[in-house]
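A.B. asks: Here is the input, now give the coordinates:
(one chain, ligands or ions: 1)
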Amino acid sequence: MKNPPARFRIETPTKNGSSEMTTPGNTQSTDKTAGDLSITDKRTNKNYDLSIKDGAIRAADLRQIKTADRDDVGLLSYDPAFMNTASCRSSITYIDGDKGILRYRGYPIEQLAEKASFLEVAWLLRHGELPNQKEYDGFVHDITYHTYVHENIRNFLQGFRYDAHPMSMLQSSVAALSSFYPEARNIFDPEQRNIAVIRLLAKTPTIAAFSYRHSKGLPVVYPDNSLSYVENFLSMINRMTEPRYEANPTFVRALEILFILHADHEQNCSTSSVRMVGSSHVDPFSAMSAGVAALFGPLHGGANEQVLRMIEEIGTIQNVPAFIETVKSGSGKLMGFGHRVYKSYDPRAKIVKQLADSVFKITGVDRGLEIALELERIALQDDYFVSRKLYPNVDFYTGLIYRSMGFPTEFFTVLFAIARMAGWLSQWEEMLLDKEQKIARPRQIFTGHGERQFKQTINVGIK
Ligand code: ACO
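C.D. replies: Next up, the predicted model:
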């Protein structure tokens with residue numbers, strides 16, 4: 001680095017005149033954090049005043065801070081993995097990770113899980129308010145009407161190997177939809193946006209169910225428009241020869257609640273991927289497929305699958321203490337534990353645990369529950385986990401529920417993706433309509449070679 005090692009003195013004047021460090025905080029209400037940040041660059045002895053709004057400074061304001069070096073383009077903030085950088089202003093989902101609070105558009109997740117339907121929540125996320133009856137009925141009608149996919153999508157799915165992971169199938173098929181609806185590229189036409197949103201919400205469960213049937217070697221079941229969103233999905237998964245599939249009402253409600261819990265979670269990895277890809281103004285099908293790709297990873301939505309694999313590997317309750325020790329020694333993680341934002345109990349995990357009871361009353365207790373409860377019991381007493389604020393996240397118990405309902409392990413993340421589509425779409429649209437947003441393009445700190453001369457050392461056939 002050309003710049004000399006240097007220090008900044010950073011002060012934020014408070015109302016009583018003293019100085020204190022601030023961290024970006026709650027950005028949801030009136031701005032109690034607004035003020036000025038006074039910075040002294042000890043390299044140059046220059047002073048700068050930066051505005052603080054909503055608990056944040058603008059990283060671009062740092063660029064005025066430079067040395068006399070002509071190559072110095074100004075100060076950057078370095079934040080790998082976006083640990084402390086807000087990339088957008090959003091009014092969709094609010095999380096307080098320390099208090100374990102999650103709200104969609106102001107409504108506590110506990111109330112939505114108890115009283116709302118998934119499509120009501122999907123509307124709420126996108127429009128900011130709950131639908132009235134007419135809006136809701138129209139929305140349900142539109143979603144139901146668009147559940148069918150083009151037959152070529154079905155043929156496309158046939159091309160996958162029998163053991164293809166359903167997330168790979170979902171990801172590619174969602175991307176493939178963009179070729180069927182080229183008009184969706186008109187992303188600034190509200191009508192085109194609306195129909196694309198409806199198509200994605202309506203067709204994702206169909207594609208998911210078709211991929212499930214493909215992996216089982218079963219013929220696909222076409223949507224039944226007389227059923228609700230969740231019932232129709234279960235029908236496409238499970239129906240065999242019966243003329244109409246009657247889903248177990250407890251399963252229907254349980255899945256609906258799980259969809260609500262997973263519908264949005266502010267700027268997580270997949271949502272940020274959707275926003276980033278969408279910021280290039282690509283069509284929504286392509287942007288959403290980026291969300292599916294990110295969700296597939298084991299550190300994100302793929303964790304629910306990994307929790308079940310971990311429980312299988314542990315095998316018996318007696319093996320739990322030894323397993324915890326291997327995690328503490330650094331070989332592997334306790335999957336379904338820990339969260340970037342929640343540093344106390346994930347509020348969704350609480351609801352999921354109660355939900356498990358209602359499902360297990362029908363299916364019998366899942367054989368992995370005993371191990372999961374023991375893992376949780378030991379981890380919550382162990383200083384390794386307590387000191388790092390590692391608590392069960394939403395994925396810790398969902399897999400056990402899904403397995404009890406008959407879903408195969410590799411399908412769990414697909415269920416997550418169906419639900420999260422509602423959040424991705426809302427966040428994508430919010431990003432598009434945000435005048436401050438531009439194509440996302442992070443900066444880097446270059447650590448490679450300076451200029452050097454190319455010397456031919458191998459023969460690559462260029463004469
Ligand atoms: N098991 C054991 N140790 C853990 C775990 C875990 N599940 N999670 C974090 N740690 C440890 C880390 O090793 C680190 O320890 P150190 O300080 O000694 O190095 C410390 O806790 C802090 O962890 P980070 O990795 O810095 O936390 P980060 O916020 O980057 O990661 C994450 C969050 C990815 C969720 C992490 O906790 C994890 O990998 N958990 C398991 C996977 C999982 O369940 N993912 C689902 C998340 S929820 C969702 O996406 C829907």
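
A.B. asks: Show the model's pLDDT score for the residue of the stretch 201-350 of the chain found nearest the ligand.
C.D. replies: With Cβ to the nearest ligand atom, the shortest gap between the stretch 201-350 of the chain and the ligand falls at G338, namely 2.3 Å. Heads up, the C-betas are built off the backbone N, CA and C, glycines and all. Note for G338: predicted pLDDT of 93.

A.B. asks: Next, count neighbours for the closest residue to it other than its chain neighbours.
C.D. replies: Once flanking residues are discounted, G338 sits nearest to L390: 4.4 Å by Cβ to Cβ, 6 or more residues apart in numbering. Counted with other Cβ atoms under 10 Å, the neighbours of L390 add up to 20.

A.B. asks: In three-state terms, label L390 for me.
C.D. replies: Using DSSP: H, G, I helix; E, B strand; the rest coil, the structure places L390 in coil.

A.B. asks: Report the contact partners of it.
C.D. replies: Listed by Cβ atoms under 8 Å, 6 or more residues apart in numbering, the contact set of L390 reads L334, F337, G338, A379, Y384.

A.B. asks: ok, now with 10 Å
C.D. replies: V327, K333, L334, F337, G338, H339, Y342, K343, A379, L380, D382, Y384 (Cβ atoms under 10 Å, 6 or more residues apart in numbering).

A.B. asks: Which phi and psi values does the third one adopt?
C.D. replies: Same thing as L334. Phi and psi for L334, reported as degrees, to the nearest 10, are phi -80, psi 100.

A.B. asks: tell me the SS of the closest residue to it other than its chain neighbours?
C.D. replies: Distance criterion Cβ to Cβ, 6+ apart; nearest residue to L334, sequence neighbours excluded, is V327 at 4.9 Å. Under three-state DSSP, V327 falls in the helix class.

A.B. asks: What pLDDT is listed against V327?
C.D. replies: 96.

A.B. asks: show me the contacts for it.
C.D. replies: Counted by Cβ under 10 Å, 6+ apart, V327 has contacts M310, K333, L334, M335, F337, L375, A379, D382, Y384, F385, L390.

A.B. asks: nearest to I39, of the residues you listed?
C.D. replies: Comparing the contacts of V327 against I39 with Cβ to Cβ places L390 closest, at 35.1 Å.

A.B. asks: Does stretch 82-91 reach the ligand?
C.D. replies: No - shown here: stretch 82-91 not in contact with the ligand (Cβ under 6 Å from any ligand atom), separated by at least 7.6 Å.

A.B. asks: Flag every residue of the stretch 251-400 of the chain that's near the ligand.
C.D. replies: Going by Cβ under 6 Å from any ligand atom, the residues of the stretch 251-400 of the chain near the ligand are 299-301, 303, 327, 333-340, 388, 390, 393-395.

A.B. asks: do that again at 8 Å, thanks
C.D. replies: 262, 265, 268-269, 295, 298-304, 306-307, 327-328, 330, 332-341, 346, 384-385, 388, 390, 393-396 (Cβ under 8 Å from any ligand atom).

A.B. asks: Check the stretch 1-150 of the chain too.
C.D. replies: A81, M83.

A.B. asks: Quick one: end-to-end distance for stretch 77-86.
C.D. replies: End-to-end span of stretch 77-86 (Cα to Cα, to the nearest Å): 12 Å.

A.B. asks: how about L37, secondary structure?
C.D. replies: Criterion first, three-state DSSP; result for L37: strand.

A.B. asks: can you pull the pLDDT of it?
C.D. replies: 97.

A.B. asks: Would you agree it is in contact with Y48?
C.D. replies: Yes - counting by Cβ atoms under 10 Å, L37 touches Y48, with 8.3 Å between them.

A.B. asks: before we move on, back to that, how about the residue of the stretch 201-350 of the chain closest to the ligand, what does it touch?
C.D. replies: So G338 contacts L299, A303, D346, F385, R388, K389, L390, Y391, P392, N393 (Cβ under 10 Å, 6+ apart).

A.B. asks: Give me the phi and psi for it.
C.D. replies: Main-chain dihedrals, G338, degrees, to the nearest 10: phi 90, psi 150.

A.B. asks: Okay, it and E370: tell me how far apart.
C.D. replies: 22 Å (Cβ to Cβ, to the nearest Å).

A.B. asks: repeat for I260
C.D. replies: I260 is 28 Å from E370, by Cβ to Cβ.

A.B. asks: cool, D98 as well?
C.D. replies: To E370, D98 is 31 Å away according to Cβ to Cβ.

A.B. asks: Show me which of these two is the more surrounded one.
C.D. replies: Neighbour totals were compared for D98 and E370, and E370 leads with 14 against 11 (other Cβ under 10 Å).
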